[in-house]
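J.: Okay, here's the prediction I keep looking at, along with the sequence it came from:
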Amino acid sequence: MANRFKLVLGIAAAIIVLALVGGTAGHQGMSTSAKSPYVSALANASVATADAAPHRCTNRSCGNLQGIVTCTEEAAGTNCAVSQGVCTLTPCH
């Protein structure tokens, strides 16, 4: 009985390993130049990195919320910066 269980367990393990190897190897064989409706139209497209433009103006001013100094209030044309509890306002360039 124990030998039969080991044999069934070994065959099941071999089937699982073969299924995993076959499943991953099948995807590597696909050519991007194949004439098939299942090939992605974006397979040959490259992606460029996007760089965000630096923020010139935060349009914020100093505010005090329950004793905490923050840059929360909207004010056109000003930059707000809080460092160690001190708020500094500068005009936008």
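T.: Yep, it's here.
J.: show me what contacts the closest residue to residue 88 other than its chain neighbours?
T.: Excluding its sequence neighbours, the residue lying closest to residue 88 (CB to CB, 6 or more residues apart in numbering) is residue 81, at 4.9 Å. Just so you know, the C-beta spots here come from the backbone N, C-alpha and C atoms, and that holds for glycine as well. By CB atoms under 8 Å, 6 or more residues apart in numbering, residue 81 lies in contact with 71, 87, 88, 90.
J.: Quick check: buried residues in whatever helix or strand the third one lives in?
T.: For residue 88, the enclosing helix or strand under DSSP states H and E is strand 86-91. Burial within strand 86-91, assessed by neighbour count using 16 or more other CB atoms under 10 Å, is assigned to residue 87.
J.: Residue 93 contacts residue 78, correct?
T.: No - Residue 93 is beyond contact range of residue 78, at 11.3 Å (criterion: CB atoms under 8 Å).
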